[in-house]
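>>> Next come a sequence and a model predicted from it.
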Amino acid sequence: MAPLGMLGKGEVGEIVSLRPGRHHAGQHGYRHHAHGRENGKRLAEMGFSVGQTIEIIENSPGMPLLVRVHDGRVAIGRGIAMRVMVRRVTL
């Protein structure tokens with residue numbers, strides 16, 4: 001198992017889990033960052049769900065990842081890609 005962001009161009013992975021967003025220190029201690037929930041919801045709307053396969057189209061350092069999910073192409077930020085845990089699939 002590895003983060004989606006660690007797969008190389010042409011590799012395929014099956015989503016195993018979607019990690020929640022980061023926590024940050026607020027006025028009253030640590031709490032969940034609202035953007036993490038929003039990103040998770042947005043990923044689900046784009047077809048990112050446990051069991052779904054994803055192909056890496058482009059993974060260049062410092063750039064968003066371009067992935068194929070459900071017959072479509074989607075660009076996602078590296079931070080989000082590192083929270084999508086996948087199992088490499090060999091075709």
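Happy to help now that I have it.

>>> residue boundaries of the helices in the chain?
34-45, 78-81 (DSSP state H).

>>> rank the ones you listed by pLDDT, which is bottom?
Out of those, helix 34-45 stands lowest, with a mean of 66 (criterion: mean pLDDT).

>>> quick one: the nearest residue to residue 17 once chain neighbours are set aside and residue 2, what's the gap?
With Cβ to Cβ, 6 or more residues apart in numbering as the criterion, residue 17 has its nearest non-adjacent residue at 4.6 Å, and that residue is residue 85. C-beta: built from backbone N, CA, C; applies to glycine. Distance, residue 85 to residue 2, using Cβ to Cβ, to the nearest Å: 7 Å.

>>> so where's the chain shaky on pLDDT?
Scanning the chain for pLDDT under 70 picks out 21-39.

>>> need the strands for it, in chain order.
Remark: strands assigned in the chain by DSSP state E are 2-3, 12-18, 23-26, 29-32, 53-58, 65-69, 72-76, 84-89.

>>> hang on, the earlier thing: what's near enough to touch the residue nearest to residue 17?
1, 2, 3, 4, 15, 16, 17, 18, 19 (Cβ atoms under 8 Å, 6 or more residues apart in numbering).
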